[in-house]
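[1] I would like to see how this sequence folds:
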Amino acid sequence: MDWSQHGIPPMRLEPRFGDRVVPAFVERPGSLWAMIAEAVALNGDGEALVCGDTRLTWREIAELSARVAAGFQKLGLERGDRVAILLGNRIEFVLTMFAAAHAGLVTVLLSTRQQKPEIAYVLNDCSARLLVHEASLADRVPAAADLPALRHRISVSDDSASQFTALRDHAAAAPVEMREEDTAMILYTSGTTGKPKGAMLAHCNIIHSSMVFASSLKLTRADRSIAAVPLAHVTGAVANITTMVRCAGALIIMPEFKASDYLKLAARERVTYTVMVPAMYNLCLLQPDFESYDLSSWRIGGFGGAPMPVATIEKLDAKIPGLKLANCYGATETTSPSTIMPGELTAAHIDSVGLPCPGAEIVVMGPDGREVPRGEIGELWIRSASVIAGYWNNPEATADSFTAGFWHSGDLGSIDADNFVRVFDRQKDMINRGGLKIYSAEVESVLAGHPDVIESAIIAKPCPVLGERVHAVIVVTRTEVNVESLRAWCAERLSDYKVPETMALTMTPLPRNANGKVIKRQLRESLSSAGA
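    Reported below is the predicted structural model:
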């Protein structure tokens, strides 16, 4: 099965990054700014950004961004210089990103959850010339002596003290011409060991991914999306911001996700599309007044970052019949989507992350570096026009992670005879209990069906006899929930060796990184400390 019936624009094979040949859209904008200019031409007076009481059209956004770009140039920034963004979800984030595209600069996205040593590492690694940051986070910005390349700092706040306001006072110049393969954005991957790596997203990567989202999900200028995930993550930057650029729709910016506020905003703004992590959907369903909101306009619910529990899918289908859920599996290195599940097929393929995106090639490789037969499990390797060239200033990491244009995902999965992709676990998260392999996603999905479970994380507990045993960290709705009832629930639905042998119940949300993914490393460290 493929996307031939979905009206995907024509594609052709083209060289990319020197030694790759990948399918690319024949008709496409040549840069991120060119895509913004197309949005203005298509829907210039249409609503582009909404944040609080502020509403801006595409024409206004383009004009403001061009003026900010001129402000950047007045500071002495030149084509290819890096501009780091340490901002929460706000309009200035989008203006900085678009202004950098206009001026030929590279945006480097920082999470507001990062601390001073992490920020210092990224700023020095990419040799950022300018940092645009939240005024409230000034104490996290390293001292000038620790950032030799950084020349300018601009703070952003909601009052008259905001230094960002002065950037808008410059007369716009012509946009700087960029090549498709020039880096537009650097996002540092969280990494599990060592220092984070700067994934270089080229203009052509961002454009291709945005066009994949818009065409696969049939988005138009009538669509309205809520950015509820951090804009500094690839999902926020691509699945939300640049995808709305591509279709010239409206982006409603949510400063911080709270389920009750999300429901109010979605109903008031007549939202049609969004991409969130599964836990966000579940938290919305847990709101006692969920039924009181008119969500009938919401037609596409993209999700990624973790498997969507079957129970959550069934509840959403019952409560919002017009909502089609679309699993969107991808990574920073693939500029967001590698697979998308057509919404009409979700129910029939509930255990799959979907079909390879238009133009994407996904293969399953064994430990010996050879492709395994259909249906067998191995590491997913991905090649497409969305896959990045490599990591900033890190040729060793690039060589380790890419082979002939294929990115090694580190995810264990399979592809069936009908081309549906399944993802079972990260290689590092799979549990080996005396030779029996246990994939955490399966156990977590079963636990998600329990009425008193909000979310869970399955990790390995070291065992001197079996090597590893199954341990569950479970977020529950009330203190009265007991381990015995949860274990009995699992025992009715799972093979005996997959049932968690130990459980930790909590009412505190699981730790997550900026991508919305559970930080299992932190849970393993806590378990180890408790054992010690």
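[2] Pick out the residue closest to the middle of this protein.
    Central residue of the chain (Cα atoms, centre = their mean): T235, 2.8 Å from the mean position.
[3] Could you pull up phi and psi at that residue?
    phi -70, psi -40 (degrees, to the nearest 10).
[4] That one contacts G305, doesn't it?
    Yes. Using Cβ atoms under 8 Å, T235 is in contact with G305, at 7.3 Å. Any C-beta I mention is one placed from the backbone N, CA and C, and that applies to glycine too.
[5] before we move on, back to that, in space, what's closest to the residue nearest to the centre of the chain - neighbours in sequence excluded?
    In space, and not counting its chain neighbours, T235 is closest to V229: 5.1 Å by Cβ to Cβ, 6 or more residues apart in numbering.
[6] got the contact list for the one you found?
    Each residue near V229 by Cβ atoms under 8 Å, 6 or more residues apart in numbering is listed here: 235-236, 240, 257, 275-277, 280, 516.
[7] helix/strand/coil for it?
    At V229, secondary structure determined by DSSP: H, G, I helix; E, B strand; the rest coil is coil.
[8] about what we covered before: of the contacts of V229, closest to G343?
    G343 has its nearest neighbour among these in V275, at 12.6 Å by Cβ to Cβ.
[9] Secondary structure element for the closest residue to the closest one other than its chain neighbours, which one?
    Nearest residue to V275, sequence neighbours excluded (Cβ to Cβ, 6+ apart): G302, at 3.5 Å. Following DSSP states H and E, one finds G302 within strand 300-303.
[10] Average pLDDT for that strand, rounded please.
    Model confidence over strand 300-303 averages 95 on the pLDDT scale.
[11] And stretch 403-421, by the same measure?
    Stretch 403-421 comes out at a mean pLDDT of 94.
[12] gap between the two ends of that stretch?
    In stretch 403-421, first residue to last residue: 20 Å (Cα to Cα, to the nearest Å).
[13] what comes up buried for stretch 74-85?
    Buried residues in stretch 74-85, defined by neighbour count with 16 or more other Cβ atoms under 10 Å: 77, 81-85.
[14] ditto for stretch 171-181
    In stretch 171-181, the ones that count as buried by 16+ other Cβ under 10 Å are 172, 175-176, 178, 180-181.
[15] Let me see the ranges of the strands in the stretch 251-400 of the chain.
    Applying DSSP state E, counting those that start in this stretch to the stretch 251-400 of the chain gives strands spanning 273-276, 300-303, 324-331, 336-340, 355-356, 361-365, 378-383.
[16] which one of those strands lies closest to D496?
    strand 378-383 (26.3 Å).
[17] Which neighbouring elements make contact with the closest one?
    Contacts defined by 3 or more Cβ pairs under 8 Å, 6 or more residues apart in numbering; DSSP states H and E place strand 378-383 against strand 361-365, strand 406-415.
[18] With mean neighbour count as added columns, please give those in TSV.
    Compiled in TSV, the helices and strands packed on strand 378-383 are given as follows (neighbours: other Cβ atoms under 10 Å):
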stretch	mean neighbour count
strand 361-365	18
strand 406-415	20
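[19] quick one: S456 from S529, how far?
    Distance of S456 to S529, computed by Cβ to Cβ, to the nearest Å: 20 Å.
[20] which of these two has more neighbours?
    When neighbours are counted by other Cβ atoms under 10 Å, S456 and S529 differ, and S456 comes out ahead with 26 against 8.
[21] element containing that one, please.
    Using DSSP H and E, S456 maps to strand 453-463.
[22] just checking, next helix/strand downstream of the lengthiest helix in the chain?
    Of all the elements of type helix in the chain, the one with the most residues (DSSP state H) is helix 58-74. Proceeding N to C from helix 58-74, the next assigned helix or strand is strand 82-86, under DSSP H and E.
[23] Run me through the strand neighbours of that following strand, direction for each.
    Applying DSSP bridges to the sheet, strand 82-86 is found paired with strand 106-109 (parallel), strand 130-134 (parallel).
[24] Please list the outside residues in contact with the first one.
    When contacts are defined by Cβ under 8 Å, 6+ apart, strand 106-109 is touched by residues 80-85, 96-97, 100-101, 122-123, 126, 128, 183-188, 198, 231-233, 237.
[25] Sort out for me which of the residues you listed are in helices.
    Among the contacts of strand 106-109, the residues falling in helices (DSSP H) are 96-97, 100-101, 122-123.
[26] With distance to F164 as extra columns, can I get the strands of the stretch 251-400 of the chain in TSV?
    Shown next, in TSV, are the strands of the stretch 251-400 of the chain (distance: least, Cβ to Cβ, whole Å):
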stretch	distance to F164
strand 273-276	27
strand 300-303	31
strand 324-331	31
strand 336-340	27
strand 355-356	41
strand 361-365	41
strand 378-383	37
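[27] L147 is nearest to which of those?
    Between those, strand 324-331 lies closest to L147; by Cβ to Cβ that is 28.7 Å.
[28] Which secondary structure elements does that closest one sit against?
    strand 300-303, helix 310-319, strand 336-340.
[29] rewinding a little: partners of the strand holding G302, with directions?
    Counting by DSSP bridges, the strands paired with strand 300-303 are strand 273-276 (parallel), strand 324-331 (parallel).
[30] Could you check how far the shortest one is from the centre of its chain?
    Centroid displacement of strand 273-276 relative to its chain, using Cα atoms, centre = their mean, to the nearest Å, is 11 Å.
[31] Can you show me the CA trace of that strand as PDB?
    Output of strand 273-276 as PDB, limited to C-alpha atoms (Å, rounded to 0.1, in the frame of the first residue of the first chain):
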ATOM      1  CA  TYR A 273      -5.400  20.100  13.000                       C
ATOM      2  CA  THR A 274      -2.700  19.500  15.500                       C
ATOM      3  CA  VAL A 275       0.200  17.200  16.400                       C
ATOM      4  CA  MET A 276       0.800  16.300  20.000                       C
END
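[32] so of the strands of the stretch 251-400 of the chain, which one's packed in deepest?
    strand 336-340 (a mean of 30; mean count of other Cβ atoms under 10 Å).
[33] What strands line up against that strand, and which way round?
    According to DSSP bridges, strand 336-340 forms sheet pairs with strand 324-331 (antiparallel), strand 355-356 (antiparallel).
[34] Does A214 touch V245 like I think?
    No. A214 lies out of contact with V245 (Cβ under 8 Å); the separation is 9.2 Å.
[35] And those two? Which one has more around it.
    In this view A214 and V245 are compared by other Cβ under 10 Å, and V245 has more residues nearby, 30 against 21.
[36] The more buried one against A34, yeah?
    No. V245 is not in contact with A34 according to Cβ under 8 Å; the separation is 10.4 Å.
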